[in-house]
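Colleague: Based on what follows, work out the 3D shape:
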Amino acid sequence: MAKIILIDPFGWQGASSGNNAFPNIGIAYLIPVLHKTGHNIKIIDLNNEYKSDNEILKIIHDYNPNIIGFSVKTSTMKYVRDLSKKIKEKMPKTVIILGGPHATLTWYNLIQEPLFDIIFVGEGEDTLPILCNNIIENIPINDLPGVITKDTYKDKLNLNYPFVSLENNLNILSFPEYDLFPQNVKDSIKKSYPLVTSRGCVYQCIYCSVPKISGKKFRKRSCESIIEELKFIKAKYSIKKFEIVDDIFNFDINRCKEICLAFIKENLNLKWTCPNGLRADRVDKELAELMFKSGCCSVMIGIENTDPNILKTIKKGETIEDIEKGVKIFKKAGINVGGYFIIGLPGDSFQSQKESIKFVKKMRINAFFNMLVPYPETELWNWAKTNTRFLKNIENGLHFTNDLTQNISVIETDDFSASERQEAYKMVHTCLKKFNMIIPKNIPRYQYYYKISRMLWKYDKKSFLIYFLKCFCDKLKKIYHQ
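Modeller: Here you go, the predicted model:
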């Protein structure tokens, strides 16, 4: 059987770049199915554990794998290309496979690059073990679903992506395994375990690539399967909390209620959250109360923008009234609410971002604003190619950064320039007092507060004096308690 190294490559959002540890769940789901078919697996998790290229190459050389698989996002593709070149120079016969979101979206271009032997699109739990076995046994692979080679890519332009269990049942999946991940990942899991209860998205938001990556059909797990996983993981890792990371967990309201009732019945005594962004129009009073009673303490909602015309343009399928109603229902039930917003959607402007900030303050929610990056194969991508100017390769795109020495916007339009988008990014985070999102922490303290004062004076004068009085009072409290 094959010796396989699965690599989660370094990216700007990873823990190795300063964020909290978080596992690649896709890789975790592949480990058990590869083990069951007899393959030997090693994980190199560069998003959660920094290693130099020389260290990585030594690990690969010592393990001597037949196959190296990269799980690729758009933001990690540049690094994958650089590392793959070094691997091929040292071990030219090692088969390099690319999978993951970016590979699924851009396979036609990637397979034409000489470094990559195979591109795997769609979900891999069913086919990847067979692919690895066939590579070792020299059995033809060209007819395997989702497998792209240099011999076949021209014939697969209308490729059907493989998805696990299109019959709407994900119970056949083995539970994800995390034993091979770094210790900081296992420590992080104990604090908050990532739980997947469904895959796929039926909505048509023009900026989202999930329907391409996970399918347009809502596929779900049963309550029994979910409870079984939580009991197993609680016994194994002594988890204190979990987070449901589905793309549309509350799509089926009645199913959500059944899951909450199962949590209550089993008395798991675990707090839980929904950090991925729920639908505001898919909640009622009963569901919110059951979520709270079963341990849910916070949710995030995908809001994107508060301009009704923009919501209609991006095919969100919700009105601002729907969103406001959903926020109120969750908050009334006792659940903390946050919202995700995007800077730079079609029709957006600096003034529109000001209105979104007014909504955030009015509703008193914890908001996160990200810069738009148009992803391939989305409707937004096609819009951007026709209606915008690209300022950089999307592989260099950032949703957020506190290093604003260069403009972070990937695109611009005549009515919302890159500099205006940058100003909007500074403005929203200043008004939210999230200065860590716009000012580096590793600068001298006097410079840090000087920058804050300038931002407040420019974008939020009303808060200028209040903010620094609060900082002064907090400092006095610390001195007093010492």
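
Colleague: Tell me where the stretch 1-150 of the chain has helices.
Modeller: When secondary structure is read from DSSP state H, counting those that start in this stretch, the stretch 1-150 of the chain shows helices at 25-36, 53-63, 77-90, 101-110, 128-137.

Colleague: which of those helices is buried the deepest?
Modeller: helix 101-110 (a mean of 21; mean count of other Cβ atoms under 10 Å). Placement of C-beta: from N, CA and C, glycine included.

Colleague: what packs against that helix?
Modeller: The contact analysis (3 or more Cβ pairs under 8 Å, 6 or more residues apart in numbering; DSSP states H and E) places helix 101-110 against strand 118-120, helix 210-214.

Colleague: For residue 272, give me its contacts.
Modeller: By Cβ atoms under 8 Å, 6 or more residues apart in numbering, the contact set of residue 272 is 195, 241-244, 263, 294-297.

Colleague: Keep only those of these that are in helices.
Modeller: Mapping the contacts of residue 272 onto helices (DSSP state H) picks out residue 263.

Colleague: Please look at residue 192 and residue 243 and confirm they touch.
Modeller: Yes: under the contact definition of Cβ atoms under 8 Å, residue 192 touches residue 243, with a separation of 5.1 Å.

Colleague: which neighbours do the two share?
Modeller: residue 273.

Colleague: what stretches of this structure score poorly on pLDDT?
Modeller: 12-19, 154, 156-168, 471-482 (pLDDT under 70).

Colleague: Of all residues in it, which one is nearest the centre?
Modeller: In the chain, the centroid-proximal residue (Cα atoms, centre = their mean) is residue 276; its distance is 7.8 Å.

Colleague: With adjacent residues omitted, what lies nearest to that residue?
Modeller: Take residue 276 and drop its neighbours on the chain: the residue closest to it by Cβ to Cβ, 6 or more residues apart in numbering is residue 245, 5.1 Å away.

Colleague: show me what contacts residue 291?
Modeller: Residue 291 neighbours (Cβ under 8 Å, 6+ apart): 256, 260, 299, 330, 333, 335.

Colleague: same question but for residue 389, I mixed them up
Modeller: Residue 389 touches 411-413, counting by Cβ under 8 Å, 6+ apart.

Colleague: how about the strands in the stretch 351-482 of the chain?
Modeller: 366-371, 389-390, 411-412 (DSSP state E, counting those that start in this stretch).

Colleague: tell me how far the last one is from the chain's mean position?
Modeller: What it means is strand 411-412. Mean C-alpha position of strand 411-412 versus that of the full chain (Cα atoms, centre = their mean, to the nearest Å) differs by 22 Å.

Colleague: Also the longest one?
Modeller: Taking the mean C-alpha point of strand 366-371 and that of its whole chain, the gap between them comes to 14 Å (Cα atoms, centre = their mean).

Colleague: Repeat that for the second one.
Modeller: Strand 389-390 has its average C-alpha position 24 Å from the chain's average C-alpha position, going by Cα atoms, centre = their mean.

Colleague: Buried residues in stretch 247-256, which are they?
Modeller: Across stretch 247-256, burial judged by 16 or more other Cβ atoms under 10 Å covers 247-251, 255-256.

Colleague: Format those as TSV; extra columns: secondary structure.
Modeller: Shown next, in TSV, are the buried residues of stretch 247-256 (DSSP: H, G, I helix; E, B strand; the rest coil):
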residue	secondary structure
247	coil
248	coil
249	coil
250	coil
251	coil
255	helix
256	helix
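
Colleague: Kindly present those residues as a markdown table, with separate columns for distance to residue 11.
Modeller: A markdown table is the format used below for the buried residues of stretch 247-256 (distance: Cβ to Cβ, whole Å):
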| residue | distance to residue 11 |
| --- | --- |
| 247 | 20 |
| 248 | 24 |
| 249 | 25 |
| 250 | 29 |
| 251 | 28 |
| 255 | 33 |
| 256 | 32 |
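
Colleague: any idea which of those residues is closest to residue 232?
Modeller: Checking these against residue 232 with Cβ to Cβ, the nearest one is residue 249 at 20.3 Å.

Colleague: residues touching the closest one, list them.
Modeller: Contacts of residue 249 (Cβ under 8 Å, 6+ apart): 197-198, 256, 274, 276, 278.

Colleague: Would you map the helices across the stretch 201-350 of the chain?
Modeller: Counting by DSSP H, counting those that start in this stretch, the helices of the stretch 201-350 of the chain are 210-214, 223-237, 253-266, 285-293, 308-313, 320-332, 350-363.

Colleague: Nothing else from me, thank you.
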